[in-house]
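1. 3D model of this:
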Amino acid sequence: MRPALYDAAALFGRVALGTTFIQHGWAKARGGIDATTQAMTQAGVPAPRMSAWFATVAELGGGILLVLGLLTAVAGAMLFAVMSGAFLFVHVKDGSFELVTALGAVAVMLAVAGPGRISLDRYLFRR
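-> Numbering: from 1, shown residues only. So this is what the prediction gives:
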């Protein structure tokens with residue numbers, strides 16, 4: 001793939017994925033950590049309060065970082081971890097794992113392949 005084409009695709013993917021995670025993280029933050037903890041407890045998620053905090057911060061903060069193309073590898077890895085937990089502890093039980101699988105796959109792809117040249121990572125951490 002030509003670099004310019006990857007740059008455009010990565011920008012589109014980062015913004016689409018990032019805004020999706022911002023929306024989900026904002027919903028958790030707006031509903032409150034107690035409500036998110038309760039939902040995670042009912043789903044059987046280990047360490048539900050810590051998991052609620054991690055998911056909220058990772059989704060909201062990681063989503064913002066993806067949109068900006070800043071610390072993309074870290075943001076992608078955190079979001080992949082959240083989606084892995086959602087897959088294992090929540091969605092695989094009821095067979096509704098398509099969305100978390102797709103979101104996790106794009107997050108890990110961005111973490112490994114990079115944000116593209118249209119990103120703050122490119123300007124701040126040039127190699």
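2. all contacts plus neighbour counts: C-alpha atoms, from now on.
-> Will do.
3. Which helix or strand contains the residue nearest to the spatial centre of the chain?
-> Central residue of the chain (CA atoms, centre = their mean): residue 79, 3.1 Å from the mean position. Residue 79 is part of helix 72-86 when elements are defined by DSSP states H and E.
4. pLDDT below threshold where in this structure?
-> By pLDDT under 70, the weakly predicted segments of the chain are 1, 127.
5. What's the separation between residue 77 and residue 113?
-> Per CA to CA, to the nearest Å, residue 77 is found 12 Å from residue 113.
6. nope, residue 10 is what I was after
-> For residue 10, the distance to residue 113 - CA to CA - is 9 Å.
7. swap in residue 53?
-> For residue 53, the distance to residue 113 - CA to CA - is 28 Å.
8. more crowded one of the two?
-> More crowded of residue 53 and residue 113, by other CA atoms under 10 Å: residue 53, with 18 against 12.
9. helix or strand for the more buried one, which one?
-> Going by DSSP H and E, residue 53 is part of helix 48-68.
10. gap between the helix or strand harbouring residue 101 and the chain center?
-> Element membership of residue 101, judged by DSSP H and E, is helix 98-113. When distances are taken as CA atoms, centre = their mean, to the nearest Å, helix 98-113 is centred 8 Å away from the chain's centroid.
11. ok, back up a step: wait, the residue nearest to the centre of the chain sits on residue 56?
-> No: under the criterion of CA atoms under 8 Å, residue 79 makes no contact with residue 56, lying 10.4 Å away.
12. Find the nearest non-adjacent residue to residue 26, please.
-> residue 60 (6.1 Å; CA to CA, 6 or more residues apart in numbering).
13. how many other residues sit next to the one you found?
-> So residue 60, with other CA under 10 Å, has 24 neighbours.
14. how far away is residue 121 from residue 14?
-> 13 Å.
15. shared neighbours, those two?
-> Overlap of the contact sets of residue 121 and residue 14 (by CA atoms under 8 Å, 6 or more residues apart in numbering) consists of 69, 115.
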